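Engineer: Got a predicted structure here, sequence first:
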Amino acid sequence: NADAAMYHAKSAGRNNFQFFDAKMNEAALERLGIEHALRQALGRDEFRLHYQPVIDVRTGRVSSVEALIRWQHPTRGLLPPGLFIGVAEETGLIQPIGDWVIWAACRQLADFRAAGIAGVKMAINISAIQMRNSDLSVLARGIIEAYSLVPGDLVFEITESVAMEHPDETVRVLDILHDMGVELALDDFGTGYSSLSYLRMFALDKLKLDRSFVEDIGQDIDGQVICDATIGLAHNLGLEVVAEGVETEEQLAYLKARGCNLIQGYLFSRPVPADEVIAFIRERNFPQ
Ligand code: C2E
Ligand code: MG
Ligand code: MG
Ligand code: MG
């Protein structure tokens, strides 16, 4: 009986394994397909950046814009990053794509300057793999110089989960960027189980309160408590707080009353192409 049970478990295990294997192959094939398509997209210049304004609560002016990548797919239309950034990270393609993002965002910032828009920073999302590459600061320095920008014009955003994956390395790379003068923000804060002791060691300027907590304002007391606690924690650490995903006047009023410094969300603007964000900035920062 014991033997029979053993045999059963083994054969079930083997079947399971085969099933799993087939699934894996399917996933691998699909990934290969996407990888090939992503490579092609780079070569064909199909990536685009959209820009979402971040508003200074105190002045009501645009403080920065966040560059958010899209893929202008020849048949499927404009694809959001959620559909391809994961594969780009798994395949290492995030390295050339991420480099392209920094170049394109900085070129756009130089265009803002040429169009008479000063004092607005460019926020750029940096992936884990880019963070692990010690050339990031060298690349950034080169691009900043190429477009006659200054490091303080840029905000690099890294997600909390990325930072905590390799915290010691993160501390090192953030130090280099911080010494250069690039501003640093911890993205999606509250979702990645930060160790508070590391939080203190990261050379940060800003915490970005994750949208999931902002959503809870007026809805769920626990989420609200996390908003309050994050704002308090950030301010005690000398950091500014950016609230992500602000969609309602109620959320804005709540965050404002608690001293949140910066606001980003559909309430002000969705991420839009460069010409639209330029019009938005002109209206807000330079009213006639
Ligand atoms: P993120 O950096 O946290 O960017 C904020 C996301 O929230 C954006 O989604 C934005 O469109 C969305 N959002 C902003 N305000 C609102 C709002 O009021 N309501 C709602 N429902 N959503 C709002 P998006 O553009 O789809 O980007 C998703 C994520 O993809 C980004 O999250 C970022 O982690 C990643 N990503 C985007 N561009 C890049 C890039 O160039 N490089 C890398 N490595 N990651 C990127
Ligand atoms: Mg971001
Ligand atoms: Mg975020
Ligand atoms: Mg997010």
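Structural biologist: The structure has been received and is ready for your questions. Ligands and ions are numbered 1, 2, ... in the order given.
Engineer: going forward, measure contacts and count neighbours with C-alpha atoms only.
Structural biologist: OK.
Engineer: same for the strand or helix carrying Asp275, what does it pack against?
Structural biologist: Following DSSP states H and E, one finds Asp275 within helix 274-285. Other helices and strands packing on helix 274-285, by 3 or more C-alpha pairs under 8 Å, 6 or more residues apart in numbering; DSSP states H and E, are strand 47-56, strand 62-73.
Engineer: between those, which one is nearest to ligand 1?
Structural biologist: Of all these, strand 62-73 sits nearest to ligand 1, with 3.7 Å by C-alpha to the nearest ligand atom.
Engineer: Quick check: chain neighbours aside, which residue is closest to Glu46?
Structural biologist: Computed as C-alpha to C-alpha, 6 or more residues apart in numbering, the closest residue to Glu46 that is not its neighbour in sequence is Gln72, at 5.2 Å.
Engineer: Mean neighbour count, distance to His36 and mean pLDDT added to the helices and strands packed on helix 274-285, as TSV?
Structural biologist: Formatted as TSV, the entries for these read as follows, by neighbours: other C-alpha atoms under 10 Å; distance: least, C-alpha to C-alpha, whole Å; pLDDT from 0 to 100:
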stretch	mean neighbour count	distance to His36	mean pLDDT
strand 47-56	22	15	98
strand 62-73	21	13	97
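Engineer: hang on, the earlier thing: what is the distance between the helix holding Asp275 and the centre of its chain?
Structural biologist: 22 Å (C-alpha atoms, centre = their mean, to the nearest Å).
Engineer: near ligand 1 at all, that helix?
Structural biologist: No - between helix 274-285 and ligand 1, judged by C-alpha under 6 Å from any ligand atom, nothing touches; the nearest distance is 13.6 Å.
Engineer: Show me what counts as buried in that helix.
Structural biologist: Neighbour-count burial for helix 274-285 flags Ala274, Val277, Ile278, Phe280, Ile281, Arg282, Asn285 (criterion: 16 or more other C-alpha atoms under 10 Å).
Engineer: go on, stretch 30-48?
Structural biologist: For stretch 30-48, the buried set under the neighbour-count rule, 16+ other C-alpha under 10 Å, comprises Arg31, Ile34, Glu35, Leu38, Ala41, Phe47, Arg48.
Engineer: starting at the chain centroid, how far to it?
Structural biologist: Taking the mean C-alpha point of stretch 30-48 and that of its whole chain, the gap between them comes to 20 Å (C-alpha atoms, centre = their mean).
Engineer: Determine whether any part of that stretch lies close to ligand 1.
Structural biologist: No - no part of stretch 30-48 sits close enough to ligand 1 to count as contact by C-alpha under 6 Å from any ligand atom; the gap is at least 9.3 Å.
Engineer: How about stretch 115-134?
Structural biologist: Yes - where contact is defined by C-alpha under 6 Å from any ligand atom, part of stretch 115-134 touches ligand 1, namely Asn125, Ile126, Ser127.
Engineer: Cross those residues against strands and list the overlap.
Structural biologist: Using DSSP state E, Asn125 are the members of those that sit in strands.
Engineer: Any of the residues of stretch 115-134 next to ligand 1 buried? List them.
Structural biologist: The neighbour-count test (16+ other C-alpha under 10 Å) marks Asn125, Ile126, Ser127 as buried among those.
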